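> Could you work out the structure for the sequence below:
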Amino acid sequence: MKERIFAFVRRHRRATVAVVAAMAGVLLFAAFGVGRSSDVQYFTAEVEQGNVFSIVQATGTINAVTTVQVGSQVSGQIAELHADFNSRVKKGQLVAQIDPSIFRTRVLQAEADLVSSQAGVRSLEADLMAAEANVEKSKAAVRESELALKRTVELFEQRIASQQQREGAEVAHETATANLRAADAQVNQIRARLEQQRAQVKQRQAQLEQARLDLQHTVIRAPIDGTVIARNVDVGQTVAASLQAPTLFTIAQDLTKMLVYAKTDESDVGRIRVGAFASFKVDSFPKETFRGRVIQVRMNAYQVQNVVTYDTIIEFENTEEKLLPGMTAYVTIPVAAARDIVKIPNGSLRYRPELSESERRALLEKYGLLPQQTQQAQLAPSPNSPQSQGGNQAQASERGGQGQGRQEAGTDSESREDRRARFMAMRGQQGGAARPEGMMGPRPDAATQREGEWQIVWKLTPDKQLRPVRIRTGITDYTYTAMLEGDLKPGDKLIIGQTSSNRRPQVPGGMGGVPGMPRRF
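Okay, the predicted model is just below:
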């Protein structure tokens, strides 16, 4: 084997020497060439003149203004259906029929029970009349016994009647009195039974009315004018209304006027005003923009995975009925506008140069920006300064060793969730999509920018030098920020990122609307 290799090398001596030389060059370049250069390349974006619109973005669902669920109040089998999906119905129109046979039987039974109860009332009324006559008869017997007793007592005093006759008259009078009391009690008893029977008649009447209503409820009618958007039953299906009314149809009243229920993040709710105009898009018509008006911001909060949202209700016209209930709407609500102003790319507001603290201080003093003048400008330590080394190392450890050597796009005090939220939002802005509804964390740039505050941006001079510029920021559209005060003009190049040959290039996200890759210097 070795002899074959040596023979091959002798036959191809020149090619072998060339290959060995090339490999040696590569190894020497890798060992000594990489990492020795300290040339810094800057990514820049230009300051522009234009408009900045501060907007609130949200995702919502399209709904009808009024949606009614048509149910059944009785249980039974569906015998007929007179409406289907997309059917237009009028108020009172027959849409379904439940088998009425069992309910007709219940009506007949209730009618018979009522007649029986009414007959019982008439019978008790006759008994009452007889009892009242018996009372009158007992009263007459009492008067007669009372007179007989009086005569017997007079005759006994004259010694005409005997003691036995007197006692017999007294017993007869007491018996007549007792019979009168019994007759009165019987009358009261019959009256009570009569009242009970009359109450039973009313109960039977109520049962008959209920049976008739149940029979009427077997006919299902549309409660409003509208369009059937859902049918949940078929002919022959049995519906049970024991616990709650089953839903047979869902009817939308008017599809020419509809609402968007937009889930708005709690950080945006305070900026939305009733009456504000809004626009939205749907996936079915991606090239069309629909417009509406905010009519309500509901106070009921929804919390899902620690994300709090509120329903913002947007009213819009749907005259062509192109939009359907349940569609997802991507809503944009303008809340502020700055027109014809100098606007700063947001990437420059997050950039921090890789300078030591002494180099940074020297530049600030050179251009008249003393530390006490820049305290409100959020001067964070440089990523390479000693003050930030510990924090960056901790962040690198937290990321599991990935992305080592990259400059963080946010401030050093920014949490991992904040950076992730801002990065996802910037990706959505570059791709034209709205921020995801369930995205956690603050709005993009929330950790680095507040309206009206002073900040430091870094300008790249024509001779490729860094120059700090102090500006006061206004509203932002999360791509550009309006400049309220500062020494910048359109065309100035602001640094949004940097790299050196011994570091992996950092391509900053959210370059402020610069198309394609940022320029390098």
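> what residue lies at the spatial centre of the protein?
For the chain, Tyr302 is the residue whose C-alpha lies nearest the centre (C-alpha atoms, centre = their mean; 5.5 Å).
> which non-adjacent residue is nearest that one?
Thr309 (5.1 Å; C-beta to C-beta, 6 or more residues apart in numbering). The C-beta positions use only the backbone N, C-alpha and C, and glycine is treated the same way.
> Check Thr152 too.
Ala169 (3.8 Å).
> circling back to that earlier point, could you confirm the residue nearest to the centre of the chain falls within a strand?
Yes. Assessed by DSSP: H, G, I helix; E, B strand; the rest coil, Tyr302 belongs to a strand.
> OK, contacts around it?
Tyr302 sits next to Lys263, Val308, Thr309, Tyr310, Asp311 when contact means C-beta atoms under 8 Å, 6 or more residues apart in numbering.
> give me every residue that touches the fourth one.
Contacts here follow C-beta under 8 Å, 6+ apart; on that basis Tyr310 touches Lys263, Thr264, Glu266, Val269, Val297, Arg298, Met299, Asn300, Ala301, Tyr302.
> swap the cut-off to 10 Å and go again
By C-beta atoms under 10 Å, 6 or more residues apart in numbering, the residues touching Tyr310 are 58, 262-266, 268-269, 272, 297-302.
> circling back to that earlier point, quick check, the residue nearest to Thr152 in contact with Arg151.
Yes. Applying C-beta atoms under 10 Å as the test, Ala169 and Arg151 come out as touching, 7.9 Å apart.
> could you pull out the helices for the stretch 51-200 of the chain?
With DSSP state H, counting those that start in this stretch as the criterion, the stretch 51-200 of the chain has helices at 101-157, 163-217.
> which strands and helices sit next to the shortest one?
Counting contacts by 3 or more C-beta pairs under 10 Å, 6 or more residues apart in numbering; DSSP states H and E, helix 163-217 is packed against strand 94-98, helix 101-157.
> Now find how far off-centre that helix is within its chain.
Mean C-alpha position of helix 163-217 versus that of the full chain (C-alpha atoms, centre = their mean, to the nearest Å) differs by 65 Å.
> What is the subsequent helix or strand relative to that helix?
As assigned by DSSP states H and E, the chain's next helix or strand after helix 163-217 is strand 219-221.
> elements contacting the next helix or strand after that next one?
The first helix or strand that comes after strand 219-221 along the chain, using DSSP H and E, is strand 226-231. Under the contact definition 3+ C-beta pairs under 10 Å, 6+ apart, strand 226-231 sits against strand 48-64, strand 67-71, strand 88-89, strand 94-98, strand 247-252.
> could you dump these to CSV with mean pLDDT and distance to Ala278?
CSV is the format used below for those (pLDDT from 0 to 100; distance: least, C-beta to C-beta, whole Å):
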stretch, mean pLDDT, distance to Ala278
strand 48-64, 95, 9
strand 67-71, 95, 21
strand 88-89, 96, 29
strand 94-98, 96, 36
strand 247-252, 95, 22
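> Any idea which of those gets closest to Met483?
strand 48-64 (9.4 Å; C-beta to C-beta).
> who touches the residue nearest to Tyr302 in this structure?
When contacts are counted by C-beta under 10 Å, 6+ apart, Thr309 touches 58-59, 262-266, 268-269, 301-303, 437-438.
> Got a ChimeraX select line for the buried ones in these?
Filtering those down to the buried ones (16 or more other C-beta atoms under 10 Å) takes a single ChimeraX command:
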select :58,59,262,263,264,265,268,269,437
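> Number of residues surrounding Gly270?
9 (other C-beta atoms under 10 Å).
> So it versus Ile55, what's the distance?
15 Å (C-beta to C-beta, to the nearest Å).
> out of the helices of the stretch 51-200 of the chain, which comes closest to Phe85?
Of all the helices of the stretch 51-200 of the chain, helix 163-217 comes closest under C-beta to C-beta, at 23.8 Å.
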